[in-house]
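Asks: Model the following, please.
(one chain, ligands or ions: 1)
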Amino acid sequence: MEKIAVLTSGGDCPGMNAGIRAVVRKACHQGLKVVGIRRGFEGLMERDVVSMDSSSVSGIIHQGGTVLKTARSSFFKTGEGQKIASEAIKELGIEGLVVMGGEGSFRGAYALDKDWNIPCVGVPATIDNDIAGSDLTIGFMSAVNVALEGIDRIRDTATAFDRLFLIEVMGRTSGFIALWAGLAGGVEVILIPEIKTDLNEVCRKLKEGRRRGKTSSIMVVAEGDEAGGAFEIGEKIREKIGYEIRVVVLGHLQRGGSPTALDRILATRLGSAAVGLLIKGERGKMVGMVSNQIKVFPLEYAWKGEKKIDLSFYDLSQVMAT
Ligand code: F6P
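Replies: As a prediction, the model looks like this:
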C-alpha cells in the first residue's frame, strides 16, 4: 500500500482535527503518501483533494471543527453518487480510505467498501455518542463539557432569581449528552428518549421540590425526547402547574470549541489505529475504544450492534436530586 486518504463527514465535532493529524502523521511515519479529501463524500465526488504531510497538520490538535471541512451529501447515498466517488478514488490512486464521522458516514464507507470495492476503515466521531463498538466517540466528552458549562452558568442565574429552567441539549435520537451533562451538573430532572417521559411525574417532582424548600430547579432534555422540544415541554409544564419557566436551547454551541484532553487522546489513538488496519490489509472495519482498549469491529456493527445508555447514571441522578 502506497497511498491512503482521509475525510471527515456529517456533523463536525471537537477532536476531528486531532484525528486527521493522527491519520496523517501515522501514515507519514509508515512511509505512505496521504491525501485529505475536503467536504466529505461531497468533495470526494468532486475530486476536491489536497496532499498532506506531517507539517500540514501542525498546530491543529487543539482546534474544533475540521480543517478538511465536512458535509452531508444526499447524492452520495445514490448508486450513481457512489460510482462517481469510487471512480475518483481509483483515478487518484488511493488504496485505502479513513472515514471519520458518525453513523451516516459509516454507512457511506460501508457502501463504498462492499459495493464498490474501496477499502475503508471508520473512526467514530460524533458528539451524539450513538455508535456501537466504542464506549465513547470522538467529540462526545467535549460536547458534554460545553453543555455542563451551560448548566453551571444557568445554575447561577436560576439560584439568584429563584427560577425554573429547562435546557435542551443535542444528541439526535440518543440521550447520552443529556444524561452525562445532567448528572455532572446535578440537575433536578433529566429527560431522555431512552426513558418514557411522564410529564405528570415531572410536575409532581417539581412541586415536591418546592414543598421541601427548593427555590430553583434545572431540567435537561435531550433534543430527541418523545415529549417534544424544550419550548413545547416548557409550555406544557407551565399549563399543568403554573410555574414560570425559562427555556434555553444550547444547540450548535455544543459542536464547537477546543476538544478535551480525553477527546484528543481518543482521536490520536483511533486515527493511528485506523491507518494500522489499512496497512495490515484490513477493510470494511471500524476502530473503537472499549474499556480503554482499541477494538476492531465490522463497519456495520456501528448501527447493528448494541449501544445502550447506562441507566444506572439515570437512577443515580434521581437519588442525587432528592
Ligand atoms: O449528529 C450531530 C448533531 O449535532 C446532532 O446532535 C444534531 O441533531 C444534528 O447533528 C444537527 O445537525 P445540523 O448541524 O445539520 O443542524
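Asks: going forward, measure contacts and count neighbours with C-alpha atoms only.
Replies: Noted.
Asks: can you map out the strands along this structure?
Replies: 3-8, 33-37, 49-52, 96-101, 120-124, 164-169, 189-191, 217-222, 245-249, 285-290, 293-298 (DSSP state E).
Asks: For the residue nearest to residue 296 when sequence neighbours are not counted, the count of nearby residues, please.
Replies: Nearest residue to residue 296, sequence neighbours excluded (Cα to Cα, 6 or more residues apart in numbering): residue 287, at 4.7 Å. Residue 287 is flanked by 25 other residues according to other Cα atoms under 10 Å.
Asks: I'd like the strands of the chain laid out as a markdown table, including mean pLDDT.
Replies: A markdown table is the format used below for those (pLDDT from 0 to 100):
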| stretch | mean pLDDT |
| --- | --- |
| strand 3-8 | 98 |
| strand 33-37 | 98 |
| strand 49-52 | 98 |
| strand 96-101 | 98 |
| strand 120-124 | 99 |
| strand 164-169 | 98 |
| strand 189-191 | 98 |
| strand 217-222 | 98 |
| strand 245-249 | 98 |
| strand 285-290 | 98 |
| strand 293-298 | 98 |
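Asks: Looking at those, which one is packed in the most?
Replies: Burial of the strands of the chain is given as mean neighbour count (mean count of other Cα atoms under 10 Å); strand 120-124 ranks first at a mean of 32.
Asks: among the strands of the chain, which is nearest the ligand?
Replies: Among the strands of the chain, strand 164-169 comes nearest to the ligand, with 8.0 Å by Cα to the nearest ligand atom.
Asks: Given the closest one, what are its sheet partners and their directions?
Replies: strand 217-222 (parallel), strand 245-249 (parallel) (DSSP bridges).
Asks: So what touches the longest helix along the chain?
Replies: Across the chain, the longest stretch assigned as helix under DSSP state H is helix 140-161. Residues outside helix 140-161 that contact it (Cα atoms under 8 Å, 6 or more residues apart in numbering) are 13-14, 126-129, 163-165, 167, 169, 177-178, 180-182, 184-185, 215-218, 250, 253-256, 258-260, 262-263.
Asks: what subset of the residues you listed is also close to the ligand?
Replies: Contacts with the ligand within the contacts of helix 140-161, counted by Cα under 6 Å from any ligand atom: 126-128.
Asks: which bits of the stretch 51-200 of the chain sit near the ligand?
Replies: Residues of the stretch 51-200 of the chain lying close to the ligand (Cα under 6 Å from any ligand atom) are 126-128, 170-172.
Asks: a markdown table for those residues, including pLDDT?
Replies: Below are these laid out as a markdown table (pLDDT from 0 to 100):
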| residue | pLDDT |
| --- | --- |
| 126 | 98 |
| 127 | 98 |
| 128 | 98 |
| 170 | 98 |
| 171 | 98 |
| 172 | 98 |
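Asks: would TSV of those residues with neighbour count be doable?
Replies: Below are these laid out as TSV (neighbours: other Cα atoms under 10 Å):
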residue	neighbour count
126	28
127	29
128	28
170	26
171	25
172	17
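Asks: quick one: which of these sit in helices?
Replies: Using DSSP H, none of those sit in helices.
Asks: My guess is residue 255 contacts residue 125. True?
Replies: No. Counting by Cα atoms under 8 Å, residue 255 does not reach residue 125; the two are 11.4 Å apart.
Asks: okay, and the common contacts of those two?
Replies: Joint contacts of residue 255 and residue 125 (Cα under 8 Å, 6+ apart) are 13, 139.
Asks: Between those two, point out the one with more neighbours.
Replies: Taking other Cα under 10 Å, residue 255 and residue 125 do not tie; residue 125 has more neighbours (34 against 25).
Asks: so who does that one touch?
Replies: Residue 125 neighbours (Cα under 8 Å, 6+ apart): 13, 15-16, 100-102, 137-139.
Asks: how does the chain divide into domains?
Replies: 3-139+259-304, 141-255 (automatic domain parsing).
Asks: most tightly surrounded among the ones you listed?
Replies: domain 3-139+259-304 (a mean of 22).
Asks: got the end-to-end distance for it?
Replies: 30 Å (Cα to Cα, to the nearest Å).
Asks: which residues touch the residue of the stretch 1-150 of the chain found nearest the ligand?
Replies: Going by Cα to the nearest ligand atom, the ligand is nearest to residue 11 of the stretch 1-150 of the chain, at 4.7 Å. Listed by Cα under 8 Å, 6+ apart, the contact set of residue 11 reads 70-72, 101-102, 126.
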